[in-house]
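Trainee: curious how this folds, go ahead:
(one chain, ligands or ions: 1)
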Amino acid sequence: MSDSEASSFEKAIASFECMSFEGREYLRICSSNEVFQKKGKNVFFDEDVQIAIIRDGNELYAVSNICPHQYAAVICDGLIEEGTVTCPLHGWIYSLDSGKALGSNARLKTYHVFEWNDGIWLEKPVQLTPLWLRNF
Ligand code: FES
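Mentor: Have a look, this model is predicted:
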């Protein structure tokens, strides 16, 4: 496949430094000092794979930035408190640990993430089938 044939998703993946750790591949998506307390940072891979990196106290989380309620890429702008994030559009509340919505079966996809050597390392995501194609 030539460079011009690579998808925007593949190009985004290739733009990050990659390493293997305990059988998984991780991408260095930014420096540690680029992720602030209780403030989400969105990492855009394509329209369907956007990942919010969230620091809450000593914990670091990575969840889909796309709220399943209306497929809006807004989770990184949500209110972060006590291990949860509240979607800024209609107030659905998600556990940052499990991704599960409180009081419903909705769920944000979660990803492994860790901090090492002044960098934030995110589990290499896989490309997803767009939501509008999933029922065909
Ligand atoms: S879009 Fe998130 S709660 Fe409605």
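Trainee: now the helices: where do they sit in the chain?
Mentor: For the chain, the helices defined by DSSP state H cover 8-14.
Trainee: flag the shaky bits of it, pLDDT-wise.
Mentor: For the chain, the stretches with pLDDT under 70 are 1-5, 131-132, 135-136.
Trainee: near the ligand, which residues of it are found?
Mentor: Where the chain comes near the ligand, counting by CB under 6 Å from any ligand atom, the residues are Cys67, His69, Gln70, Ala72, Cys87, Leu89, His90, Trp92. In short, each C-beta sits where N, CA and C put it, glycine included.
Trainee: beta partners of the first one?
Mentor: Think Cys67. Beta bridges link Cys67 to Ala72, judged by DSSP bridges.
Trainee: inside strands: which ones of the residues of the chain next to the ligand?
Mentor: The strands, defined by DSSP state E, take in Cys67, Ala72 from the residues of the chain next to the ligand.
Trainee: Tyr61: neighbour count?
Mentor: Other residues lying near Tyr61 total 21 when counted by other CB atoms under 10 Å.
Trainee: the one 10 residues further on too?
Mentor: Burial measure for Tyr71: 12 neighbouring residues, criterion other CB under 10 Å.
Trainee: Ile29 too?
Mentor: If you count neighbours by other CB under 10 Å, Ile29 ends up with 21.
Trainee: tell me the contacts of it?
Mentor: Applying CB atoms under 8 Å, 6 or more residues apart in numbering to Ile29 gives the contacts Phe16, Val43, Ile53, Ile120, Trp121, Leu122.
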